[in-house]
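**Student:** please find the sequence and the predicted model below.
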Amino acid sequence: MYEQKTKETDNSVIEFIEAIDSLKKREDAYRLLDIFSETTGFPAVMWGPSIIGFGAYHYKYATGHEGDAPLAGYSPRKAKISLYFATGDDERDVLLQKLGKHTAGKACVYVNKLDDIDTEVLKALIRQSVAFLRETYGE
């Protein structure tokens, strides 16, 4: 049976951020902590060893695969900051056009630093992700 790798943990978000080598990336991680906390209204929780998540939802795909994931989150990785939002939402693509310098994959949006993006658009992306996931999967 499949076991989900990225799960909610009891690890300290602050300890994780404090362990980031790059001062600039650490500062951005703290700014993101404030932005995501204020925008979602949820406390920050570590998901796996490196994702800071806010809120949670339970998903179940048509294939039968199911699990839990944060409603929104981020990971200050060495190369880039990964931002996690809902997939499958057309509004996400509209907002990403206004975000600023980034690249996007299926589930992640990658930014080099927060100064490269519009934080108001980031807040809109967070709100949209939470609303879309709640509408799709329930409260």
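**Tutor:** Structure received.

**Student:** what segments of this structure are helices?
**Tutor:** 13-18, 23-40, 90-99, 119-137 (DSSP state H).

**Student:** and the ones you listed: which comes nearest Gly55?
**Tutor:** helix 23-40 (5.5 Å; CB to CB). For every residue, glycine as well, the C-beta is placed using N, CA and C.

**Student:** list the buried residues in that closest one.
**Tutor:** By neighbour count on 16 or more other CB atoms under 10 Å, the buried set for helix 23-40 is Lys25, Asp28, Ala29, Leu32, Leu33, Ile35, Phe36, Thr39, Thr40.

**Student:** swap in stretch 85-96?
**Tutor:** Phe85, Ala86, Asp89, Arg92, Leu95, Leu96.

**Student:** among those, which two are most distant?
**Tutor:** Ala86 and Leu96 (12.3 Å).

**Student:** okay, who's weakest in the buried residues of stretch 85-96 by pLDDT?
**Tutor:** Minimum pLDDT for those is recorded at Asp89 (83).
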